[in-house]
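build me a structure from this.
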Amino acid sequence: MDFASRKALTYKLFCKIKAELIQTRPNPSGKPMNKAELVEAVLKALGDSYRKTEIEKILATILEEIKNGVKKNKQLQLIGFGTFKVVNRKARKGVNPATGEAIKIKASKTVRFVPGKAFKESL
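I've put the predicted structure just below:
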């Protein structure tokens, strides 16, 4: 499968997943949805089109490609969902909670997610 076909399939699958998750009721226990529950929601959304192992492999591939995209390009934008981007955190002072001692925290990089307009409006 060539890159364009993989990209189109991933986007199509992503749209179906997003639609299903918007319709999914909140977990009654109040816990956040985990990976296994996400796989089940996608499986339910797609019906008999895929097996659970295929959904797990697709989800793992999507997550890996998101990581690779952010690592390579410093930003990954999914229109209608949001943007993952690398941000630099400055060095700062902190406090060791166990001892109360002042410590220096080194500068670091982290990933920030900024939800898109359509995602915000769906909440």
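
show me the strands in this protein, by range?
75-78, 82-89, 92-95, 102-105, 108-115 (DSSP state E).

return the most buried member of those strands.
Ranked by mean neighbour count, the strands of the chain are led by strand 75-78 with a mean of 16 (mean count of other CB atoms under 10 Å). C-beta: built from backbone N, CA, C; applies to glycine.

okay, and the beta partners of residue 87?
Here residue 87 shows beta-bridge partners residue 110, assigned using DSSP bridges.

which pLDDT value belongs to it?
pLDDT for residue 87: 92.

look up the closest residue to residue 89, ignoring the ones flanking it.
residue 108 (5.0 Å; CB to CB, 6 or more residues apart in numbering).

gap between that neighbour and residue 90?
9 Å (CB to CB, to the nearest Å).

and residue 43, by the same measure?
For residue 43, the distance to residue 90 - CB to CB - is 43 Å.

equivalent analysis for residue 67, please.
From residue 67 to residue 90 the distance is 24 Å (CB to CB).
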